[in-house]
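J.: here are the coordinates; sequence isn't available:
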């Protein structure tokens, strides 16, 4: 019962993430809501003179109605801290609001926010508020590329490849 405060906060955050992902899935089980997988690559804070992170990861997108997607991402890679390069990892939970959920225009825009927990070998865990803006390209061969700009542990630039849903984003 004598857990350190950061560990207790991390456990609380993880339990909240599980509840956010599981509750809508349980409630909407009659609708057979699909979990949509994605592959992604992100560069975080790379223009800084002291640090920069490159991550590759996988994620799941859960539709929470027509206009909102709950995105969970797990990623790993390397982080530069001063002149050292160390291993790092990240977990994100972001809710995105889609401006064109039915894919009526060729390009789709969404924006959102959530939390990001990042770990690096020498720094340990740090939590950040994440804000994102996505631009989805037209679908090709059953997949959609999405370009992401955002903030969360530094300025972010990412690319994701998601499975395309006919008539939906």
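T.: Good, I have the coordinates. These figures come from a predicted structure and were not determined experimentally.
J.: hang on, residue 60 packs against residue 36?
T.: Yes: the pair residue 60 / residue 36 is scored as a contact, 6.9 Å apart, by CB atoms under 8 Å. No exception for glycine: its C-beta is placed from N, CA and C like everyone else's.
J.: Pick out whichever of the two has more residues nearby.
T.: Between residue 60 and residue 36, residue 36 has the larger neighbour count (other CB atoms under 10 Å), namely 19 against 16.
J.: any idea which helix or strand carries the nearest residue in space to that one that is not next to it in sequence?
T.: What sits nearest to residue 36 in space, not counting adjacent residues and going by CB to CB, 6 or more residues apart in numbering, is residue 61, at 4.3 Å. Assessed by DSSP states H and E, residue 61 sits inside strand 51-63.
J.: If you compare the directions of the next helix or strand after that strand and strand 51-63, what angle comes out?
T.: Scanning forward in sequence from strand 51-63 by DSSP H and E, the next helix or strand is strand 68-81. Angle of strand 68-81 versus strand 51-63, following axes from the mean of the first three to the mean of the last three CA atoms, to 10 degrees, is 160 degrees.
J.: Mind giving me the packing neighbours of whichever helix or strand comes after strand 68-81?
T.: Remark: after strand 68-81, the chain's next helix or strand is strand 84-98, criterion DSSP H and E. Secondary-structure packing of strand 84-98 (3 or more CB pairs under 8 Å, 6 or more residues apart in numbering; DSSP states H and E): helix 5-27, strand 51-63, strand 68-81, strand 108-120, strand 124-136.
J.: can you pull the buried residues of strand 84-98?
T.: 88-96, 98 (16 or more other CB atoms under 10 Å).
J.: any low-confidence regions in the protein?
T.: 1-33, 167 (pLDDT under 70).
J.: who's in contact with the closest residue to residue 77 other than its chain neighbours?
T.: Sequence neighbours aside, residue 55 is the residue nearest to residue 77 in space, at 3.9 Å (criterion: CB to CB, 6+ apart). The contact partners of residue 55, by CB atoms under 8 Å, 6 or more residues apart in numbering, come to 41-42, 44, 75-77, 88-90.
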